[in-house]
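Novice: From the sequence below, what's the structure:
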Amino acid sequence: MILTVTLNTALDITYRVPGLRPHASHRVREVTERPGGKGLNVARVLAALGHEVTVTGFAGGTTGDTVRAGLTGVPGVADALVPVAGATRRTIAVVDERTGDTTQLNEPGPAVAPAEWNAFQEAYEELLAGAAAVALCGSLPPGVPVGAYAGLVRAARAAGVPVLLDTSGEPLRRGVAARPDIIKPNADELAELTGSHGTPRGVVARRRSWGLPRRRAGAVRPPRTFGCIVQRFFSCKSQPWRSRCPQDRTPGER
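Specialist: Numbers count the residues shown, from 1 in each chain. Predicted structure coming up:
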């Protein structure tokens, strides 16, 4: 089983309009909604590739109920989300069909109480016992400590479970210090993490000055349990996958 963690789950809502104009009313042609947040999106892909996946994180309120109901129809995905009193956030994407551009609005997420955070940590450690690998993904909701991912990485490493970290900002910086097996920053996140906005050689030099491995900041090696996704994206001996990214990309990627 692969475990994905989405601390700030979302209900992704996409509106499609003929043309988006500021300060104007719009008639929406199509509305779609589905469970979102990075970890849930990762879980769907892994399940489609034949992996058994368990998702955990927080869910609350009517939007949380909708997210959980949406997960019941995804083959290969088991719901282990932890309930919270606050309402799961919504992420809104408005797609301009004329230009193909997307305007995105991301709510902050529910305020997580200390008792709720403690309950999640207990559930997470229990789930690690049956996990072959874990992916920690996305932003942190209010109330969750900024060093949360660092603690979750350490727990996974103590359990002998390979761990991938995909976040940004200070949670990424602190998480890297706990040495996950893989990190997945984009170019801007890597520049922020290393403090280098120059050439890739400059970024590598900065990583080496921290005493981090040369190939990937904080990474040990790509865990084989993530299957062909990790091998394709992180192996120097294989060609990376290439695809065109649609403009109406999933809004809950934060």
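
Novice: Count the residues that sit near the spatially closest residue to residue 110 that is not a sequence neighbour.
Specialist: Of all residues not flanking residue 110 in the chain, residue 86 sits nearest, at 2.6 Å (C-beta to C-beta, 6 or more residues apart in numbering). C-beta here means a position set from N, CA and C on the backbone, and glycine is covered the same way. Neighbours of residue 86 under the rule other C-beta atoms under 10 Å: 20.

Novice: what about residue 86, which SS state?
Specialist: coil (DSSP: H, G, I helix; E, B strand; the rest coil).

Novice: pLDDT score assigned to it?
Specialist: pLDDT, residue 86: 96.

Novice: where does it fall, phi/psi-wise?
Specialist: Here is the backbone geometry of residue 86 (degrees, to the nearest 10): phi -70, psi 170.

Novice: And for residue 136?
Specialist: phi -100, psi 120.

Novice: follow-up on the earlier one: how far away is the residue nearest to residue 110 from residue 184?
Specialist: 28 Å (C-beta to C-beta, to the nearest Å).

Novice: Check residue 83 too.
Specialist: 28 Å.

Novice: of the two, who's got more company?
Specialist: Per other C-beta under 10 Å, whichever of residue 83 and residue 184 has more neighbours is residue 184, with 21 against 14.

Novice: Now that one: closest residue in space, sequence neighbours ignored.
Specialist: Computed as C-beta to C-beta, 6+ apart, the closest residue to residue 184 that is not its neighbour in sequence is residue 166, at 4.3 Å.

Novice: per-residue pLDDT, the one you found?
Specialist: Reported pLDDT for residue 166: 92.

Novice: Model confidence for the residue nearest to residue 13 when sequence neighbours are not counted, exactly?
Specialist: Leaving out its chain neighbours, the residue that sits closest to residue 13 by C-beta to C-beta, 6+ apart is residue 33, at 4.7 Å. pLDDT recorded at residue 33 is 94.

Novice: OK, contacts around residue 33?
Specialist: 11-14, 66, 70 (C-beta atoms under 8 Å, 6 or more residues apart in numbering).

Novice: Filter those residues down to just the ones in helices.
Specialist: Among these, the ones falling in helices (DSSP state H) are 66, 70.

Novice: For the contacts of residue 33, please prepare a markdown table with the additional fields neighbour count and pLDDT.
Specialist: Shown next, in a markdown table, are these (neighbours: other C-beta atoms under 10 Å; pLDDT from 0 to 100):
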| residue | neighbour count | pLDDT |
| --- | --- | --- |
| 11 | 27 | 96 |
| 12 | 23 | 95 |
| 13 | 19 | 96 |
| 14 | 22 | 96 |
| 66 | 17 | 96 |
| 70 | 17 | 94 |
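
Novice: In terms of distance to residue 52, which of the contacts of residue 33 ranks first?
Specialist: Nearest to residue 52 among those is residue 70, at 18.5 Å by C-beta to C-beta.

Novice: That closest one contacts residue 35, doesn't it?
Specialist: Yes: under the criterion of C-beta atoms under 8 Å, residue 70 makes contact with residue 35 at 4.3 Å.

Novice: tell me the average confidence for stretch 101-113?
Specialist: On average, stretch 101-113 scores 94.

Novice: in it, what's buried?
Specialist: Using 16 or more other C-beta atoms under 10 Å as the test for burial, stretch 101-113 gives 102, 104, 106-107, 109-110, 112.

Novice: Could you dump the residues you listed into a markdown table with secondary structure added?
Specialist: As requested, the buried residues of stretch 101-113 are exported to a markdown table (three-state DSSP):
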| residue | secondary structure |
| --- | --- |
| 102 | strand |
| 104 | strand |
| 106 | strand |
| 107 | coil |
| 109 | coil |
| 110 | coil |
| 112 | coil |
